[in-house]
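Colleague: coords below, sequence missing:
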């Protein structure tokens, strides 16, 4: 995952299938304004709890946008990165199982596929429970995301997970104590708000009473 040997920036191709930049113009209270924004895919995220192990199942992966954010906060713009000064580990995150909505399938079916591909658990779609639907990245994209909850057991394990094609994803099982520390006051983590919100929802609504 951290075996990255070179990092550099380039212009965004106009035909990117994932990100479409635009400037939106509008008139508000008689004043013309504009806002730079991105059109991105809607997505799903899944809170995954293994009841056999009593552990939450998350995924660990290298996120270029996080790596870029860390570097530019210190350097501003850059052409090529000194990997000794900025090791790839600073861009590795711990997240909920998730994926973009880019297929003609129900969102629950897409969530089920992500659970299988990323984490290796094969569960029927009926066990995918909707938690919340909300907007992410409201300052930049406003994309819709649906959060789901799914309980799995060791018997549901069909493969080792890790993603498809050239994805490099590590499955991480956290004890409830470890996960709880991620959302305590003062915690500093490389996790997105969706993950932290999902963990807090779990502890408020589904965690065993002793957790």
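Modeller: Ah, there it is. Note that the coordinates shown come from a computational prediction; the quantities given were computed from them, not determined experimentally.
Colleague: Quick check: which element contains the residue nearest to residue 78 when sequence neighbours are not counted?
Modeller: Leaving aside its sequence neighbours, residue 78 sits nearest to residue 71 (C-beta to C-beta, 6 or more residues apart in numbering; 6.2 Å). All C-beta atoms are positioned from the backbone trio N, CA, C, and that covers glycine. Per DSSP states H and E, residue 71 falls inside helix 64-75.
Colleague: Name the residues that touch that helix?
Modeller: 7, 9, 78, 81, 86, 88, 90, 91, 92, 93, 190 (C-beta atoms under 8 Å, 6 or more residues apart in numbering).
Colleague: and if you look at stretch 172-187?
Modeller: Here stretch 172-187 makes contact (C-beta under 8 Å, 6+ apart) with 50, 53-60, 94, 189, 191, 195-196, 199-200, 202-203, 207-208, 211.
Colleague: now that we're looking at the residue nearest to residue 78, how far away is residue 182 from it?
Modeller: According to C-beta to C-beta, to the nearest Å, residue 71 and residue 182 sit 24 Å apart.
Colleague: returning to that earlier point: for burial, what's the neighbour tally of the residue nearest to residue 78?
Modeller: Number of residues near residue 71 (other C-beta atoms under 10 Å) recorded here: 20.
Colleague: all strands of the protein, in order?
Modeller: Here the chain has its strands, by DSSP state E, at 20-28, 31-39, 43-50, 55-62, 92-95, 97-100, 129-136, 143-152, 170-175.
Colleague: Residue 158: which of the ones you listed is closest?
Modeller: For residue 158, the closest of those is strand 143-152, at 10.3 Å, according to C-beta to C-beta.
Colleague: Return the set of buried residues in that closest one.
Modeller: Neighbour-count burial for strand 143-152 flags 143, 145, 146, 147, 148, 149, 150, 151, 152 (criterion: 16 or more other C-beta atoms under 10 Å).
Colleague: give the contact list for residue 202.
Modeller: Neighbour list for residue 202: 47, 49, 56, 149, 179 [criterion: C-beta under 8 Å, 6+ apart].
Colleague: could you redo those residues as JSON lines and give each row distance to residue 41?
Modeller: Formatted as JSON lines, those follow (distance: C-beta to C-beta, whole Å):
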{"residue": "47", "distance to residue 41": "20"}
{"residue": "49", "distance to residue 41": "26"}
{"residue": "56", "distance to residue 41": "25"}
{"residue": "149", "distance to residue 41": "22"}
{"residue": "179", "distance to residue 41": "27"}
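Colleague: Spatially, which two of the residues you listed are the most separated?
Modeller: 149 and 179 (14.0 Å).
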